[in-house]
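**Student:** Give me the fold of what follows.
(one chain, ligands or ions: 1)
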Amino acid sequence: MEEIKVAPEAPKPEKKKTILSCIQPSGIPTLGNYLGALKNWKLLADEFDSAFAVADLHAITVRQDPQKLRKQIMEVFALLLAIGLDPEKSIIFIQSQVPAHSQLAWILNCYTQFGEMSRMTQFKDKSQSHADNVNVGLFAYPVLMAADILLYQADLVPVGADQKQHLEIARDIGNRFNGIYGKTFTIPEPYIGKSGARVMSLQDPMKKMSKSDPNPKSFVSVFDQPETIMKKIRSAVTDSEGGVYYGEGKDGINNLMGIYSCCTGLDYDQITADFSGKGYGDFKNAVGEAVVEELRPVRERYEMFMKDQAYLKEMAAKGAESASRIANRTLTKVMKKCGFVLP
Ligand code: TYM
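**Tutor:** Below is the predicted model:
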């Protein structure tokens, strides 16, 4: 009998991996946010299916002035467009406009242990710096973050080094739920860039550069004007020793070298060679100029987007609609598995 030849199955197009990340609108984002996270978002966005959000629900874990918060949410949303993310290619949205985040967070709270949350270093730090308002939201913050990630079945989460512990707990929560109910969530991996993962304060290089630092000289904001950037970098704390090289006890210079390397692509050996025999003044000027050039196009595009609030609102609504479609799919799956009766 003649053998029937079966045409080989056409190979399925490989599904692109998904990345997701968020930034809080708790102040004007800093050079640390930019080099540690935003710059990588832009680099990865073309390669992956991607979703990026303004994490405004996270921001209210410390007290916010409503008017200021409203303004900052739109500023950070405009920044996401200004760094070059394309709303046609990435889902760019505001967290609170997608109710599934709060809904899944509640469910996941019931699959997270009190002891696990008490060990989070960010909770310990923030409950010290906001001792008058150690609220339950601050405590459960990492669970909301796990919900943000797991809703989108994210494979990869580009963050700075300070978010690594939160990523680990998101993985634990996802694995625990999958273990009880069968595979429901993709377990995400952190993506932490080689350089820029931990940009330090310009005034205290043992401390992370932070947008909520009360001393504005300690950080460069992504919207600072060139002369402000130059001034802040020139007044960065260094040491009295004088050589531009990476080493122990040279936290200020190490930090500036990291920043310079991120902005220019030069490695540390090259930087040391280029500045051999030169003083910190020359080096700081070069770092300042590199930062100015890195941030210039971002600031210019930001200023342009901020002039068109109607466009920003329209893009946010469009982003929320696309995000909701994906998030609700996961939420429905979770609710069915838990035993809820769906309408
Ligand atoms: P947030 O808003 O503090 O910071 C946004 C991103 O910037 C990174 N970052 C830094 N990187 C290097 N050096 C620094 N000095 C520096 N400061 C901040 C952060 O690591 C982060 O990647 N909990 C998150 C927001 C969030 C989130 C999520 C992130 C909410 N849900 C889901 C990823 C996935 C936060 O507070 O980031």
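
**Student:** Low-confidence ranges, the chain, go.
**Tutor:** 1-13 (pLDDT under 70).

**Student:** Next, work out how far apart the residue of it found nearest the ligand and residue 162 are.
**Tutor:** Nearest residue of the chain to the ligand (Cβ to the nearest ligand atom) works out as residue 36 at 1.9 Å. Every C-beta, even on glycine, is put in place using the N, C-alpha and C of the backbone. Here residue 36 is placed at a distance of 8 Å from residue 162 (Cβ to Cβ, to the nearest Å).

**Student:** Need the residues touching each of these two.
**Tutor:** Taking Cβ atoms under 8 Å, 6 or more residues apart in numbering as the criterion, residue 36 and residue 162 both touch residue 198.

**Student:** can you give me how far the longest helix along the chain is from the chain middle?
**Tutor:** Longest helix in the chain by number of residues (criterion: DSSP state H): helix 309-338. In terms of Cα atoms, centre = their mean, to the nearest Å, the centre of helix 309-338 is found 19 Å from the chain centre.

**Student:** Show me what that helix is packed up against.
**Tutor:** strand 49-54, helix 66-82, strand 90-94, helix 100-109, helix 136-151, helix 164-181, helix 280-306 (3 or more Cβ pairs under 8 Å, 6 or more residues apart in numbering; DSSP states H and E).

**Student:** Which positions within the longest one qualify as buried?
**Tutor:** It stands for helix 280-306. 280, 283-284, 286-292, 294-295, 298-299, 301-302, 305-306 (16 or more other Cβ atoms under 10 Å).

**Student:** Can you report how many residues lie near the residue of the chain closest to the ligand?
**Tutor:** 26 (other Cβ atoms under 10 Å).

**Student:** Help me confirm that it comes into contact with residue 194.
**Tutor:** No: using Cβ atoms under 8 Å, residue 36 is not in contact with residue 194; the gap is 11.4 Å.

**Student:** Near the ligand, which residues of the stretch 101-250 of the chain? Just list them.
**Tutor:** Within the stretch 101-250 of the chain, the positions near the ligand by Cβ under 6 Å from any ligand atom are 145, 148-149, 157, 159-160, 162-163, 166, 196-199, 208-209.

**Student:** Repeat the analysis, applying 8 Å as the threshold.
**Tutor:** 122, 141, 144-145, 148-149, 154, 157-163, 166-167, 170, 196-201, 208-211 (Cβ under 8 Å from any ligand atom).

**Student:** list the residues that contact both of residue 36 and residue 194?
**Tutor:** With Cβ under 8 Å, 6+ apart, residue 36 and residue 194 have no common neighbours.

**Student:** circling back: now do the same contact list for the closest residue to the residue of the chain closest to the ligand other than its chain neighbours.
**Tutor:** Nearest non-adjacent residue to residue 36, counting by Cβ to Cβ, 6 or more residues apart in numbering: residue 160, 3.1 Å away. Counting by Cβ under 8 Å, 6+ apart, residue 160 touches 32-33, 36-37, 192, 196-199.

**Student:** from those, which single one is nearest residue 21?
**Tutor:** Using Cβ to Cβ, the shortest approach to residue 21 within the contacts of residue 160 belongs to residue 37, at 6.4 Å.

**Student:** Thought residue 162 was touching that closest one, still the case?
**Tutor:** No: if you go by Cβ under 8 Å, residue 37 and residue 162 don't touch, sitting 10.0 Å apart.

**Student:** Of these two, which one has the most company?
**Tutor:** residue 37 (25 against 18).

**Student:** Distance-wise, check the more buried one relative to residue 65.
**Tutor:** Residue 37 sits 25 Å away from residue 65, going by Cβ to Cβ.

**Student:** Same check on residue 57?
**Tutor:** For residue 57, the distance to residue 65 - Cβ to Cβ - is 16 Å.

**Student:** can you check residue 58 too?
**Tutor:** Separation of residue 58 from residue 65 (Cβ to Cβ): 16 Å.

**Student:** neighbour count winner among the two?
**Tutor:** Just comparing residue 58 and residue 65: by other Cβ under 10 Å the higher neighbour count belongs to residue 58, 24 against 9.

**Student:** does the more buried one really touch residue 22, like I thought?
**Tutor:** Yes: counting by Cβ under 8 Å, residue 58 touches residue 22, with 7.4 Å between them.

**Student:** who touches both of those two?
**Tutor:** With Cβ under 8 Å, 6+ apart, residue 58 and residue 22 have common neighbours 95, 145.

**Student:** Okay, helices next: where are they in the stretch 151-300 of the chain?
**Tutor:** 164-181, 226-234, 251-264, 268-274, 280-306 (DSSP state H, counting those that start in this stretch).

**Student:** Now do the contacts for the residue nearest to residue 320 when sequence neighbours are not counted.
**Tutor:** For residue 320, ignoring the flanking residues on the chain, the nearest one in space by Cβ to Cβ, 6+ apart is residue 97 at 3.7 Å. Residue 97 makes contact with 316-317, 319-320, 323, according to Cβ under 8 Å, 6+ apart.
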